[in-house]
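1. structure for this input, please:
(one chain, ligands or ions: 2)
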Amino acid sequence: MDPRESIVYQIWPRSFYDSNGDGIGDLPGVAAKLDYLHELGVDTVWLSPIFPSPNNDYGYDISDYRAVSPEFGTMEDFEALVARAGERKIKILLDLVPNHTSDRHAWFQAALADPESKYRDYYIFRKGKNDGPPNNWMSFFGGSAWTKDEKSGEYYLTSFTPQQCDLNWENAGLRAEMYDMMRFWMDKGIGGFRIDVVNLLKKPEGLPDKDPHKRGLQFPGKLTTAQPGIHEILREMNEEVFSKYPDCLTVGEGCLVGIEDVPDFTSPERRELTMMFHFDLATLGCGPLGKYDFRKLYRFTTLEFKRVSDAWQLEMQRANGWVGNYLSNHDQPRQLDRFGSVDERFRRASAKALCLYNMTLRGTPFIYQGEECGMTNLALEPHEWKDFEALNSFKLLQSMMHVPKALATKIVKRATRDNARTPVQWDGGRNAGFTTGTPWLRVNPNHTTVNIQDDMTHMDSIVGFYKRAIALRKEHSALVWGEYAPVDRDNPRVIAYTRAQAGGERLLVVINLTGKSAKARLPEKKGAECLLYTHSSRPLAAEVLLLPYEGLVYKL
Ligand code: ISL
Ligand code: CA
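-> Ligands and ions are numbered 1, 2, ... in the order given. So this is what the prediction gives:
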C-alpha cells in the first residue's frame, strides 16, 4: 500500500489506556485496544514518544533512544504490540525526536562532564556575549533559548524546555548514530516515524541574532524553521534509513512551516519525507506568538478557515506536495472547542462534520485519540496543570505582557496542551474506564455522558460515523488521489469541494461548518447518489438548505 493511503490514529500513550492500575497508560493498554482500533478501520497507529524520559516535556525529552520507558512497559511489550498490530494489518509509527535529547541522556551527561569529549560537539555549546547568552533567540516555550552550563561558563541551545538540549546535526558521528538508532526500530517491524520539529534540524550558520536592532528576546522563526540545508540532511536520512524499508511512512512535523516549503520536503521525486503537518489551521485566531497570544481572542470566521484549507489543498496539489491533515493532536486543545461546538445541541453533529471534512481531503487523515467520541476540553485549574508550556506561559503572560492573573488563567485554561491530554473516556464508570488506580491527570467529569462505550450504542453515534467515513475513504480512491476543486467558494458557512479522479469517480462533499442553518449552491446532477451523511440522506439540488453542521457526500 502506498503509505499516503493510510488512515492514522494518534495515541498519546500516557492517557490512552492503563493496563496495570498505576494511573498511567501503557503499551499493554494499547495492545488491549487493538481490536477497537481495527474495527474503527484505522491501519496505522502513531505512538507519541514511548522512550525513557524524565518527563519535563512528557516524553519529548528522551534520555535513551533505544529503550522503552518503564512507565509504559518493556521492550517485550513493545515487540508484542507490533506483532499483534501486524496480525490486524495495523502498522505502528514511532515518534522520532531528533532535534534534542533530555539533559539526562548519556551523551549530554558526557558532554557536560568533559568539554573535550566527542559528545560535546553532539550538542550546541557556545560562549556567551556581553554577560548573557550567545544570541537573542527565544525558546518555543518562552524565555531564552539558551541554558548556562555553570561548570564551563558556556551556554547550550535549548529551543524548548531548558532540559531539552538541541543536537548538532552538522556532526557526522551524531548523524550516523541517529540513523543506526532509526534502523534499530525499523528492524523491529515498525511502519515508520512521525518526526518531531523536523525543520529545526538545520541551524543557521553562525547562529546570528534575530532582528538585532530590536531589544529583548526574539522568536527566531524562519531563521530556524526554514534553512535550505535541511534538505541535505533529509535526503541523507532517507538514503540511510527510509529507502531501505519499502512503504515506510514518514510524517514530518514542520513546525510553523510555510506553504511554499512543504512540497520540497514531500514531493516523492525529492526522496525526503512522505508527508508533513502544517500549522495554519491550528494557529487560526491566534496572534503572531502562537497559542498563548490571545490578542485575536482565538476568533476566526468560517471563511478564514476555508481560505487556509483551500490554499493548502490547492497548493499541495499544484506543487506535488503531501500533507497529513489533522484538527487536533497532543499539542492543541480539543477540536470541538476549536472548530466545532461543545454545546450539547451540536456536539455530535459538529464532531461528525469535522470527521467528514478530515476524511475527504487530499492528504492523509490523522485522528487524535478521543476525538471519535467527541471529547472536549477540561478547564483544569492552575494547580492541576502539568504542561511546562502552560506553566511557563502563565508566568510570562503576567511578567512580560502584564496580563492580569485572572485573564492569564483564562488564557492558559483555554490553550494548555493538558486539554488534549486528559485520559481517554472509554466508559461512563469510575475514571472513565481509563484506570483502576488514580489517573495521572484528572478525568473530564463529562465522561458520564461523553464516552466511547455509550457513544457506540447511541443511535446518533460519532464512533459509528467515523467507521463509515473511514470505510468510505477506503472504498473510493478518488477521496485519496482525486483532484480537489472548491465549490461555492465564497459561501461564508459551508465548505464544499469535489474530488475527481481522471477516468474514475467524481465525488462532491458539502459541509456546513457552523451552528446555523446555511444555504449551499451546488453543481446539479440528476440522480446523484448520496454516499454518506451526518444527519439524513437527501437528494442533491442546485441549492440546498443545510442544518447546523450537516454534511453530505454525493457521487456525481
Ligand atoms: O505546541 C505548540 C505551541 O503550543 C507548538 O509550537 C509545538 O511546541 C511545536 O509544534 C513542537 O512540538 C513538538 O515538539 C515539542 C513537544 O513539546 C511537542 O509535544 C511536539 O509535538 C518539543 O519536542
Ligand atoms: Ca500503567
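2. and stretch 215-232 with ligand 1, contact?
-> No. Using C-beta under 6 Å from any ligand atom, stretch 215-232 stays clear of ligand 1, coming no nearer than 10.1 Å. Using the backbone N, CA and C atoms, a C-beta is placed for each residue, glycine as well.
3. can you give me the buried ones in that stretch?
-> 217, 218, 219, 220, 223, 224, 225, 226, 227, 230 (16 or more other C-beta atoms under 10 Å).
4. what residues does it touch?
-> By C-beta atoms under 8 Å, 6 or more residues apart in numbering, the list of residues contacting stretch 215-232 from outside reads 136-138, 143-145, 159, 198-204, 208-211, 254-258, 261, 264-265, 270, 272, 289.
5. make CSV out of the buried residues of stretch 215-232 and add secondary structure.
-> Formatted as CSV, the buried residues of stretch 215-232 follow (DSSP: H, G, I helix; E, B strand; the rest coil):
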residue, secondary structure
217, coil
218, strand
219, coil
220, coil
223, helix
224, helix
225, helix
226, coil
227, coil
230, helix
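6. closest to residue 172 out of these?
-> Sorting the buried residues of stretch 215-232 by distance to residue 172 puts residue 230 at the head of the list, at 16.2 Å, by C-beta to C-beta.
7. buried ones among the contacts of stretch 215-232?
-> Buried residues within the contacts of stretch 215-232, counting neighbours by 16+ other C-beta under 10 Å: 136-138, 143-145, 159, 198-203, 209-210, 254-257, 261, 264-265, 270, 272, 289.
8. give the contact list for residue 438.
-> Per C-beta under 8 Å, 6+ apart, neighbours of residue 438: residue 23.
9. helix or strand: which one has residue 28?
-> helix 27-32 (DSSP states H and E).
10. skip ahead from that helix and say which helix or strand is next.
-> helix 34-40.
11. then that next one to CSV, C-alphas only?
-> Extracted in CSV, the C-alpha atoms of helix 34-40 (Å, rounded to 0.1, in the frame of the first residue of the first chain):
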residue,chain,number,x,y,z
LEU,A,34,-6.2,-3.1,19.1
ASP,A,35,-9.5,-4.7,18.2
TYR,A,36,-11.3,-1.5,18.9
LEU,A,37,-8.9,0.4,16.6
HIS,A,38,-9.2,-2.3,13.9
GLU,A,39,-13.0,-2.1,14.0
LEU,A,40,-12.7,1.7,13.7
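12. against residue 310, how distant is the closest residue to residue 490 other than its chain neighbours?
-> Leaving aside its sequence neighbours, residue 490 sits nearest to residue 303 (C-beta to C-beta, 6 or more residues apart in numbering; 7.5 Å). Using C-beta to C-beta, to the nearest Å, residue 303 is found at 10 Å from residue 310.
13. any chance of the buried residues of stretch 215-232 in CSV, with pLDDT too?
-> Listed next are the buried residues of stretch 215-232 as CSV, based on pLDDT from 0 to 100:
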residue, pLDDT
217, 95
218, 95
219, 94
220, 96
223, 96
224, 96
225, 95
226, 95
227, 97
230, 98
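14. excluding chain neighbours, what is closest to whichever residue of the stretch 451-556 of the chain sits closest to ligand 2?
-> Residue nearest to ligand 2 within the stretch 451-556 of the chain: residue 452 (18.8 Å; C-beta to the ion). Leaving aside its chain neighbours, residue 452 sits nearest to residue 373 (4.6 Å; criterion: C-beta to C-beta, 6+ apart).
15. okay, the one you found: pLDDT?
-> Predicted confidence (pLDDT) at residue 373: the value is 98.
16. burial measure for it, as a count.
-> 24 (other C-beta atoms under 10 Å).
17. list the contacts of it.
-> Counting by C-beta under 8 Å, 6+ apart, residue 373 makes contact with 425, 450, 451, 452, 455, 462, 463.
18. what's the closest of the residues you listed to ligand 1?
-> Comparing the contacts of residue 373 against ligand 1 with C-beta to the nearest ligand atom places residue 425 closest, at 21.5 Å.
19. can you tell me how far the closest one is from ligand 2?
-> Noted for residue 425: a distance of 17 Å to ligand 2, by C-beta to the ion, to the nearest Å.
20. just the local confidence number for the closest residue to residue 342 other than its chain neighbours, please.
-> Excluding the flanking residues, the one nearest residue 342 by C-beta to C-beta, 6+ apart is residue 376, at 4.6 Å. If you check residue 376, the pLDDT there is 98.
21. swap in residue 401?
-> Value for residue 401, per-residue pLDDT: 88.
22. give the helix, strand or coil label for it.
-> Assignment for residue 401 (three-state DSSP): coil.
23. cool, and the one 5 residues further on?
-> Reducing the assignment at residue 406 to three states with three-state DSSP gives helix.
24. also residue 147?
-> Once three-state DSSP is applied, residue 147 turns out strand.
25. tally of neighbours for it?
-> Other residues within reach of residue 147, judged by other C-beta under 10 Å, total 19.
26. so it makes contact with residue 160?
-> No. In this structure residue 147 lies outside contact range of residue 160 using C-beta atoms under 8 Å: 10.9 Å.
27. please tell me how far the closest residue to residue 445 other than its chain neighbours sits from residue 418.
-> For residue 445, ignoring the flanking residues on the chain, the nearest one in space by C-beta to C-beta, 6+ apart is residue 378 at 7.9 Å. Residue 378 is 8 Å from residue 418, where distance means C-beta to C-beta.
28. list the contacts for the residue most central in space within the chain?
-> Taking C-alpha atoms, centre = their mean, the centroid of the chain lies closest to residue 329, which sits 4.2 Å from it. By C-beta under 8 Å, 6+ apart, the residues touching residue 329 are 10, 366, 368, 420.
29. and these, which are buried?
-> 10, 366, 368, 420.
30. returning to that earlier point: wasn't the residue nearest to the centre of the chain part of a helix?
-> No. Under three-state DSSP, residue 329 sits outside any helix and is assigned coil.
31. so what's residue 367 up against?
-> 7, 8, 9, 10, 42, 326, 358, 466.
32. from these, which is closest to ligand 1?
-> Once C-beta to the nearest ligand atom is applied, the member of the contacts of residue 367 that ends up nearest ligand 1 is residue 10, at 10.3 Å.
33. partners of the helix or strand harbouring that closest one, with directions?
-> Assigned by DSSP H and E, residue 10 belongs to strand 8-11. Strand 8-11 has its sheet partners listed here by DSSP bridges as strand 44-47 (parallel), strand 364-368 (parallel).
34. next, residue 250: secondary structure please.
-> strand.
35. how many neighbours does it have?
-> The burial count for residue 250: 26, using other C-beta under 10 Å.
36. near ligand 1, which residues of the stretch 1-150 of the chain show up?
-> 57, 60, 97, 140.
37. which among those residues end up buried?
-> 57, 60, 97, 140.
38. looking at this, residue 308 is in a strand?
-> No. Looking at residue 308 with three-state DSSP, it is helix, so not inside a strand.
39. burial measure for it, as a count.
-> 16.
40. residue contacts, it?
-> Neighbours of residue 308 in contact, by C-beta under 8 Å, 6+ apart: 280, 281, 284.
41. so can I have a markdown table of these showing neighbour count?
-> Formatted as a markdown table, the contacts of residue 308 follow (neighbours: other C-beta atoms under 10 Å):
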| residue | neighbour count |
| --- | --- |
| 280 | 16 |
| 281 | 20 |
| 284 | 19 |
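42. identify the farthest-apart pair in the buried ones among the residues of the stretch 1-150 of the chain next to ligand 1.
-> 97 and 140 (13.5 Å).
43. is stretch 238-252 anywhere near ligand 1?
-> No. Judged by C-beta under 6 Å from any ligand atom, stretch 238-252 and ligand 1 are separated, with a smallest distance of 11.2 Å.
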